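In: quick one, fold the following:
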Amino acid sequence: MVSHSDINNIKNALIGINGYKFLASRMQLPPFKKPGPCPYCNGVDRFVYDAKNLSCEWFCRHHGSGDALQLLIDVEGINFVDAIKICANYFGIALDEQPRHESKQSASPPKRVITTPEQSVSPQYSLLSPPTTRKKSYSTAVKIYKVINRDAKNRDDCYVAEHLYCKKKGIDWAVGAGRGVANGKLLGENADCVIVPMHFFNGDFAGVECINSIGLRQTFGNKAILKLGNDLDQSLTAYVVEGWASGCAQFIRYNGHVLVLVCFGKNQMNQAAIVWARMHPKQIILIHDENDDHG
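Out: Numbering: from 1, shown residues only. Sure thing, here's the model as predicted:
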């Protein structure tokens, strides 16, 4: 696995116009700082690459926002490690590839296999798209999500890994999450939290799960899914797990060459597997239904 220093070197090389030029050599982009078609969703006049800050180098009204590395992963359908290697080759950066230690929480073998979506999906947990009525806390979720995306530091691997909860679980990089302040009955006032975003399967933002330093969790908005890894390659096994830390363990175990569907409640797991199986009938889906001990 590539080291933190390698990841930081790549991210530094991708800052600003350099990242734009690199991506433009591999995909069709509109002119720098000018709106145009999105290379991922192909929407017209909805995408701009303006490098306003490190965590939001580009923005698409449908696809979302992110840095240069994320756009490469999304458009080419590759995993994080392969994206790092491609960037390293382009910029002439030598990688010091070392085996990454596994999370202190090991991923145990899955207990059930779903290959055909024979069960019915409860509308309450379909997870495919937003419900007609959003949760009252949805506006709070949007505010929290915007704040962690506003500053690159909030999504920095080292900064997230320094959180007490991550140290306790042996999670040494961000793995799809951020870090920020949240307030809630369970979390406390101005709690330093790991912020885990959730989306419906159609890509719409659902909400966030906030985890404070002692592992107490509170959801704002709707509970949905966090996808980790490659969701385009159906030859990869899809693992359904409950809880962000469990998802991290599974993702790290396979060095990112996997798809992990992270659920936020055990009552979501079967439904998530069934919906994904209907969308990708050729893909093997494994459900981890053991008691989740990450909280």
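
In: which residue ranges of the chain form helices?
Out: Chain-ordered helices for the chain, with DSSP state H as the definition, fall at 4-13, 17-24, 68-76, 80-91, 138-150, 157-161, 164-169, 244-253, 269-279.

In: of those helices, which is nearest residue 51?
Out: Comparing the helices of the chain by their distance to residue 51 (C-beta to C-beta), the top pick is helix 17-24, with 6.7 Å. Placement of C-beta: from N, CA and C, glycine included.

In: for residue 177, which non-adjacent residue is closest in space?
Out: By the measure of C-beta to C-beta, 6 or more residues apart in numbering, the closest residue to residue 177 outside its immediate chain neighbours is residue 196, 4.7 Å from it.

In: TSV for the helices of the chain, including distance to residue 52?
Out: Compiled in TSV, these are given as follows (distance: least, C-beta to C-beta, whole Å):
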stretch	distance to residue 52
helix 4-13	16
helix 17-24	12
helix 68-76	13
helix 80-91	21
helix 138-150	10
helix 157-161	19
helix 164-169	28
helix 244-253	28
helix 269-279	34
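
In: packed most tightly, which of those would that be?
Out: For the helices of the chain, average neighbour numbers computed from mean count of other C-beta atoms under 10 Å are highest in helix 244-253, which has a mean of 26.

In: elements contacting it?
Out: In terms of contacts (3 or more C-beta pairs under 8 Å, 6 or more residues apart in numbering; DSSP states H and E), helix 244-253 is packed against strand 225-229, strand 238-242, strand 259-263.

In: redo these as TSV? Include mean pLDDT.
Out: Rendered in TSV, the data for the helices and strands packed on helix 244-253 read as follows (pLDDT from 0 to 100):
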stretch	mean pLDDT
strand 225-229	92
strand 238-242	93
strand 259-263	94
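
In: do you know which of those lies nearest residue 182?
Out: The minimum distance between residue 182 and the helices and strands packed on helix 244-253 falls on strand 225-229, with 16.9 Å, by C-beta to C-beta.

In: contacts for the closest one?
Out: Contacts of strand 225-229 with the rest of the structure, by C-beta atoms under 8 Å, 6 or more residues apart in numbering, involve 79-80, 127, 175-176, 196-201, 206, 236, 244, 247-248, 250-251, 254, 256-264, 268, 272.

In: PyMOL command to pick out the buried ones of the residues you listed?
Out: Burial among the contacts of strand 225-229 is assessed by 16 or more other C-beta atoms under 10 Å; the matching PyMOL selection reads:
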select buried, resi 79+80+127+175+176+196+197+198+199+200+201+206+236+244+247+248+250+251+254+256+258+259+260+261+262+263+264+268+272
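
In: in contact with the spatially most central residue of the chain, which residues?
Out: Among the residues of the chain, the one closest to the centroid is residue 176, at 3.4 Å (C-alpha atoms, centre = their mean). For residue 176, the contacting residues are 196, 197, 226, 228, 244, 247, 262, taking C-beta under 8 Å, 6+ apart as the criterion.

In: tell me the one of those nearest residue 75?
Out: Comparing these against residue 75 with C-beta to C-beta places residue 228 closest, at 17.8 Å.

In: for residue 191, see how far away that closest one is.
Out: Remark: distance between residue 228 and residue 191 (C-beta to C-beta, to the nearest Å) = 24 Å.

In: the two - which one has more neighbours?
Out: The residue with more neighbours, out of residue 228 and residue 191, is residue 228; 25 against 19, by other C-beta atoms under 10 Å.

In: beta-bridge partners for the residue nearest to residue 177, please?
Out: On the basis of DSSP bridges, residue 196 is bridged to residue 209.

In: picking up where we left off before, turn the helices and strands packed on helix 244-253 into CSV, columns for distance to residue 32.
Out: CSV is the format used below for those (distance: least, C-beta to C-beta, whole Å):
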stretch, distance to residue 32
strand 225-229, 29
strand 238-242, 37
strand 259-263, 33
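
In: about what we covered before: do you know which of the helices of the chain lies nearest residue 40?
Out: Ranking those by their distance to residue 40 (criterion: C-beta to C-beta) puts helix 68-76 first, at 5.1 Å.
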